[in-house]
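Colleague: What follows is a predicted structure for the sequence shown.
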Amino acid sequence: MTRALVIDDEPQIRRALRAGLESNGYSVTLAENGEQGLDLAALHSPDVVILDLAMPGLDGFQVCRQLREWSKVPIIVLSVREGEADKIRALDLGADDYLTKPFSIGELLARIRAVLRRMGSTDEPPVPSLSFDGLAIDFVRRKVTLDDREVHLTPTEYDLLRELVLNADRVLTHRQLLTRIWGVEYAEDTHTLRVHIANLRNKIERDPARPRFIHTEPRVGYRFRTDV
C-alpha cells in the first residue's frame, strides 16, 4: 500500500485529503505543522509527501529544503499562492510538482501517480529506449524518430530533450534546465532556453504551435507530457 504523508496546518484540508486518498487505497499520515511533518517523515518513510507552503513555524519552503537534505521522497506542494516566484522557489528547493488550491482529488492522484512512476530513475536512462505517441528516443544510439522518421537534433537539442524525457510529467524550471544543460553560468539565460525549446518543438512536434510533448508552464519552466 502506498504511504502518503500530508503536511498542512488546515484541519479541513487534512480531513479532505485523508478521505480522498484513503478511498483510493493509500495509507495516510497527517501532520499539522512543519516540525511534526519532518518527524513523521523520518519515522514512517512515506512514498510521497503532500506539503502545504503557508504554515506557521517552519513553512513549506523550509520543510522542503530540510527534507531534501536526507530524503529523495517525492514532494508535491500545495499552495494558495498563485505567484510564479513561489512555484519556482519550491521546485528549485527540490519539490517534484505543485498544485494551486483549490484542486480536485483526481488531479492530485494523477500528479502522485506521475511522481511515483519516476521513482528509482537516475541520471542514466532506465531502459535503452522510450517512446511516446510516435516519438521514440534511443538513448544508446542518441537517435530520435517521429512516426518512424529520423529527427536530426543538435547535441544540445538532444541533451535538452533527454533531460525533459527522463523527468517526464515533472515541471523543470528554467534555472534547472539551464544549469543542467549549459552550466551554472547560464542559470539566468532564459532567452537561450526559449530559442532551443522552439527549435526542438519545430523538429519533434507535429504542430509546433500546439505542442503535444513539450508544454510550457508560464514563467516557471517546461514539462514533457506523457498523459495527453
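Modeller: That came through fine. Numbers count the residues shown, from 1 in each chain.
Colleague: In terms of pLDDT, where does the residue lying farthest from the centre of the chain sit?
Modeller: For the chain, the largest distance from the centre (Cα atoms, centre = their mean) belongs to R149, which lies 29.5 Å off. Here, the pLDDT recorded for R149 equals 94.
Colleague: Roughly how far does it sit from P128?
Modeller: In this view, R149 and P128 are 20 Å apart by Cβ to Cβ, to the nearest Å. For the C-beta atoms, the positions are set from N, CA and C on the backbone; glycine is no exception.
Colleague: pLDDT averaged over the longest helix anywhere in the chain - what is it?
Modeller: Ranked by residue count and defined by DSSP state H, the top helix of the chain is helix 190-204. If you average the pLDDT over helix 190-204, you get 94.
Colleague: Centre-most residue in this structure?
Modeller: By Cα atoms, centre = their mean, the most central residue of the chain is R170, 2.7 Å off.
Colleague: re earlier: which positions in the longest helix of the chain come out as buried?
Modeller: The neighbour-count check on helix 190-204 (16 or more other Cβ atoms under 10 Å) flags 193, 196-197, 199-201, 204 as buried.
Colleague: what's next to that helix, contact-wise?
Modeller: Applying Cβ atoms under 8 Å, 6 or more residues apart in numbering, the external contacts of helix 190-204 come out as 135, 144, 146, 151-154, 156-157, 160-161, 174, 177-178, 182, 186, 208, 211, 213-214, 222.
Colleague: Please apply the same query to stretch 215-228.
Modeller: So stretch 215-228 is in contact with 84, 87-88, 91, 110, 114, 132-133, 164-165, 167-174, 176-177, 197, 212-214, going by Cβ under 8 Å, 6+ apart.
Colleague: Go ahead and name everything in contact with the lowest-mean-pLDDT helix or strand in the chain.
Modeller: Across the helices and strands of the chain, mean pLDDT, DSSP states H and E gives its lowest value to helix 84-92, namely a mean of 83. Contacts to helix 84-92, defined as Cβ under 8 Å, 6+ apart, come from residues 53, 60-61, 64, 77, 79, 81, 98, 171-176, 217-221.
Colleague: Domain-wise, how is this structure divided?
Modeller: 3-117, 129-224 (automatic domain parsing).
Colleague: Out of those domains, which one sits most buried?
Modeller: domain 3-117 (a mean of 18; mean count of other Cβ atoms under 10 Å).
Colleague: where exactly do the strands run in the chain?
Modeller: 3-7, 27-31, 48-52, 75-79, 97-100, 129-132, 135-138, 143-146, 149-151, 171-173, 214-217, 221-224 (DSSP state E).
Colleague: so how far is the second one off the chain centroid?
Modeller: Strand 27-31 has its average C-alpha position 22 Å from the chain's average C-alpha position, going by Cα atoms, centre = their mean, to the nearest Å.
Colleague: From the contact counts, what lies against that strand?
Modeller: strand 3-7, helix 11-22, helix 34-44 (3 or more Cβ pairs under 8 Å, 6 or more residues apart in numbering; DSSP states H and E).
Colleague: Would you confirm that L5 contacts L43?
Modeller: No - the pair L5 / L43 is not scored as a contact, 9.7 Å apart, by Cβ atoms under 8 Å.
Colleague: Off-centre distance for the longest helix of the chain?
Modeller: On Cα atoms, centre = their mean, the centre of helix 190-204 falls 20 Å from that of its chain.
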